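**Student:** Everything below, folded, please.
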Amino acid sequence: QVQLVESGGGLVQPGGSLRLSCVASGFTMAYSAFGWFRQAPGKEREGVSCINTFDGSTSAADSVKGRFTISRDKAKNTVYLQMNSLKPEDTAVYYCAAGFFFTTVQSMCNIPNPSWGQGTQVTVSS
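**Tutor:** Below you'll find the model as predicted:
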């Protein structure tokens, strides 16, 4: 089992930046895929960006490419999502997820049977 705790969400103006953090604890060595997902009101949860913590390969949804960057710090068991040039349509609850691998379909990543964090709210509004 792995426990995931997200932080870094908040209210930001359009064009601003935020960095989300996801700290993993527990049996983290068993998990090689981490990802950020988001769910806006009335919409399904969608994959934003995923990373393979063994080889560093990443995937990002077309809607965030060039604006969001996923990274990891193995020593700190932490995965980050740097979000720049934020738009109102980025408003959502952002969740961290961990699993054994990720797949990508039409640029959106998915982690089968993941462990989830509790989520952090990101609101982009003037």
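
**Student:** Find the centremost residue of the chain, please.
**Tutor:** Averaging the C-alpha coordinates of the chain gives a centre point, and the residue nearest to it by Cα atoms, centre = their mean is residue 36 (1.7 Å).

**Student:** For the helix or strand harbouring it, which outside residues touch it?
**Tutor:** Secondary-structure assignment from DSSP states H and E places residue 36 in strand 33-39. Surrounding strand 33-39, the residues in contact under the criterion Cβ atoms under 8 Å, 6 or more residues apart in numbering are 20, 22, 24, 45-53, 70, 72, 79, 81, 90, 92-102, 109, 111, 114, 119, 122. Every C-beta, even on glycine, is put in place using the N, C-alpha and C of the backbone.

**Student:** out of the residues you listed, which are buried?
**Tutor:** 20, 22, 24, 47-53, 70, 72, 79, 81, 90, 92-99, 102, 109, 111, 114, 119, 122 (16 or more other Cβ atoms under 10 Å).

**Student:** Starting from the strand holding residue 36, tell me the next helix or strand along the chain.
**Tutor:** Past strand 33-39, heading to the C-terminal end, the next element that is a helix or strand (DSSP H and E) is strand 46-52.

**Student:** Give me the sheet partners of the following helix or strand past that next one and which way each runs.
**Tutor:** On the C-terminal side of strand 46-52, the nearest following helix or strand under DSSP H and E is strand 58-60. Paired with strand 58-60 in the same sheet, following DSSP bridges, are strand 46-52 (antiparallel).

**Student:** relative orientation of the partner strand and strand 33-39 in degrees?
**Tutor:** Here strand 46-52 points in a direction 170 degrees away from that of strand 33-39 (axes from the mean of the first three to the mean of the last three Cα atoms, to 10 degrees).

**Student:** So what touches strand 46-52?
**Tutor:** Judged by Cβ under 8 Å, 6+ apart, the contacts made with strand 46-52 from elsewhere in the structure are 32-39, 57-61, 64, 68-72, 79, 81, 94, 101-102, 104, 108-111.

**Student:** The same query, at a cut-off of 7 Å, please.
**Tutor:** Strand 46-52 is contacted by residues 32-38, 58-61, 64, 68, 70, 72, 79, 81, 102, 108-111 when judged by Cβ atoms under 7 Å, 6 or more residues apart in numbering.
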